[in-house]
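Undergrad: here is a sequence with its predicted model. Questions after.
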Amino acid sequence: MISDNSTIVPPDGQRNATRAAALRRLATLILVAALISPALRNEDGIPLSTYPMYAATRGNVSSYVTALGVTDTGANRTLSTSTIAETMDWLIAQSFLNDAVARGEGAQVCRQIAGRAPEGLTAIEIATERHDTVARLRGEESLLHRNVHARCEIRS
């Protein structure tokens, strides 16, 4: 279309399409900048959260409270979460053990677990273990230290 002053003016539809495309590009650029900004600032936060519990470098040693079954030969057996804390959730079972040891109730919880223990076990031990995290993830021997808080025999 040609106007009075001989300037070429695009039709309204084409002008609107060009404007919409420019706005989409601008919106995309702003969104991408907002998403990568926490990574560039080395900061955990909105709009991109990497979860604060994973946002910092951790050491190669992990400590956690365990409850293990002991056989008559002295071998350790991993207990199920339902045996440990009557739950199917590992995090709840871990929290149950952590809280018991922190309150000084390891012996009491040990007896509770012994009452739910499967056949073939002669004792239950509740202990804090320190492991080499990298070795553990590789499936290698990882135990660095074990501090037993409670041991209770299983009555047959």
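TA: Noted; the coordinates are in hand. Numbers count the residues shown, from 1 in each chain.

Undergrad: now what about the one helix or strand Ala150 maps to, what contacts it?
TA: Remark: Ala150 resides in strand 143-153, with elements defined by DSSP states H and E. Residues outside strand 143-153 that contact it (CB atoms under 8 Å, 6 or more residues apart in numbering) are 61, 65, 70, 101, 106-107, 109-111, 114, 122-132. Placement of C-beta: from N, CA and C, glycine included.

Undergrad: let's see it at 7 Å
TA: By CB atoms under 7 Å, 6 or more residues apart in numbering, the residues outside strand 143-153 that reach it are 61, 101, 106-107, 110-111, 114, 122-132.

Undergrad: tally of neighbours for Ile113?
TA: Using other CB atoms under 10 Å, Ile113 has 27 neighbouring residues.

Undergrad: now do the lengthiest helix in the chain: which elements does it pack against?
TA: Longest helix of the chain, by residue count under DSSP state H: helix 12-40. With contacts taken as 3 or more CB pairs under 7 Å, 6 or more residues apart in numbering; DSSP states H and E, helix 12-40 sits against no other helix or strand.

Undergrad: how far off centre is that helix?
TA: How far helix 12-40 lies from its chain's middle: 35 Å, per CA atoms, centre = their mean, to the nearest Å.

Undergrad: tell me the mean pLDDT over that helix?
TA: Averaged across helix 12-40, pLDDT comes to 83.

Undergrad: next: stretch 83-94.
TA: Looking at stretch 83-94 alone, the average pLDDT works out to 95.

Undergrad: what about the helices in this protein?
TA: Going by DSSP H, the chain shows helices at 12-40, 81-85, 90-102, 106-116, 133-137.

Undergrad: packing partners for the second one?
TA: To tie it back to what came earlier, the one meant is helix 81-85. Counting contacts by 3+ CB pairs under 7 Å, 6+ apart, helix 81-85 packs against helix 90-102, helix 106-116.

Undergrad: quick one: closest of these to Arg15.
TA: When the helices and strands packed on helix 81-85 are compared by CB to CB, helix 90-102 sits nearest Arg15, at 57.4 Å.

Undergrad: which parts of the closest one are buried?
TA: Neighbour counts over helix 90-102 (16 or more other CB atoms under 10 Å) mark Ala93, Gln94, Phe96, Leu97, Ala100, Val101 as buried.

Undergrad: distance to Arg24 added to these, as TSV?
TA: Below are these laid out as TSV (distance: CB to CB, whole Å):
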residue	distance to Arg24
Ala93	50
Gln94	47
Phe96	52
Leu97	53
Ala100	57
Val101	57
